[in-house]
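Colleague: I would like the atomic coordinates for the input below:
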Amino acid sequence: MIKLYLLLGGNLGNKQQVFAEARTRLEEQVGIISAQSAIYETEPWGFESEDLFWNQALELKTTLSPEGVLKQTQLIELELGRIRKEKQYDSRIIDIDILFFGDQIIKTANLTVPHPRIQERKFALVPLYEIAADFIHPIFRKSLRELLDECPDQLKVRPIDIS
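Modeller: Residues are numbered from 1 along each chain as shown. Predicted structure coming up:
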């Protein structure tokens, strides 16, 4: 089994229900969720929207290949109502990003791991740091704390209570 880190994100629909369903389907189709961060409310990154995002980092243990994980996460997004648009940055019901796949470095036509812009995004670094503080980025050879300290992103990222 390999440990992978995913990021859930979305700013449309019933976010609490969509995130719960995404976690259930990930456990059924990808692997065991071994850790999960709080849910964070975040401002949109790369575009304007009145709808704030929710983000949550997950640690899973899987036997799937990186391509297998990508296939399953894209299928889950589709099943939950994700509509891919031409614009890369836009409002969406759900987004499931592969942040890290063990300490592997992967670059194919369909998949780049580690996520190529994680070091620029507090909405990914903050929840990930919560569950994997000691993780070292395999390309930059820096801890998540160092990446967070150096992150130029000034957008607000705050934990929310959904209980």
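
Colleague: list the contacts for Glu79?
Modeller: Taking C-beta atoms under 8 Å, 6 or more residues apart in numbering, we find Glu79 in contact with Arg25. Using the backbone N, CA and C atoms, a C-beta is placed for each residue, glycine as well.

Colleague: what does Leu70 give?
Modeller: Counting by C-beta under 8 Å, 6+ apart, Leu70 has contacts Ile98, Asn110, Leu111.

Colleague: tell me the confidence at it?
Modeller: Leu70 is assigned 96 on the pLDDT scale.

Colleague: in the helix or strand containing it, which residues are buried?
Modeller: Using DSSP states H and E, Leu70 falls within helix 66-79. Going by neighbour count (16 or more other C-beta atoms under 10 Å), the buried part of helix 66-79 is Pro66, Val69, Leu70, Lys71, Gln72, Thr73, Ile76, Glu77.

Colleague: assign Pro127 to helix, strand or coil.
Modeller: Assigned with DSSP: H, G, I helix; E, B strand; the rest coil, Pro127 falls in the helix class.

Colleague: ok, now how distant is it from Asn110?
Modeller: 25 Å (C-beta to C-beta, to the nearest Å).

Colleague: who has more neighbours out of the two?
Modeller: Shown here are Pro127 and Asn110; by other C-beta atoms under 10 Å, Pro127 has more neighbours (27 against 10).

Colleague: let me see the contact set for that one.
Modeller: So Pro127 contacts Leu7, Ser37, Ala38, Tyr40, Asn55, Gln56, Ala57, Val157 (C-beta under 8 Å, 6+ apart).

Colleague: what about the residues you listed, which are in strands?
Modeller: Leu7, Tyr40, Asn55, Gln56, Ala57, Val157 (DSSP state E).

Colleague: out of the residues you listed, which is nearest to Leu144?
Modeller: Nearest to Leu144 among these, counting by C-beta to C-beta, is Ala57 at 10.1 Å.

Colleague: tell me where this protein has helices.
Modeller: With DSSP state H as the criterion, the chain has helices at 15-29, 66-79, 122-131, 144-150.

Colleague: so which of these gets nearest Gln104?
Modeller: With C-beta to C-beta as the criterion, Gln104 lies closest to helix 66-79 of the helices of the chain, at 6.9 Å.

Colleague: what angle sits between the closest one and helix 15-29?
Modeller: 140 degrees (axes from the mean of the first three to the mean of the last three C-alpha atoms, to 10 degrees).

Colleague: CA atoms of helix 66-79 as CSV?
Modeller: Listed next in CSV are the C-alpha coordinates belonging to helix 66-79 (Å, rounded to 0.1, in the frame of the first residue of the first chain):
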residue,chain,number,x,y,z
PRO,A,66,-1.3,6.8,-9.8
GLU,A,67,-3.2,6.5,-13.1
GLY,A,68,-5.8,4.3,-11.4
VAL,A,69,-6.3,6.9,-8.7
LEU,A,70,-6.7,9.7,-11.3
LYS,A,71,-9.3,7.6,-13.2
GLN,A,72,-11.3,6.9,-10.0
THR,A,73,-11.1,10.5,-8.7
GLN,A,74,-12.3,11.9,-12.1
LEU,A,75,-15.1,9.3,-12.2
ILE,A,76,-16.2,10.3,-8.6
GLU,A,77,-16.1,14.0,-9.7
LEU,A,78,-18.4,13.2,-12.7
GLU,A,79,-20.8,11.1,-10.5
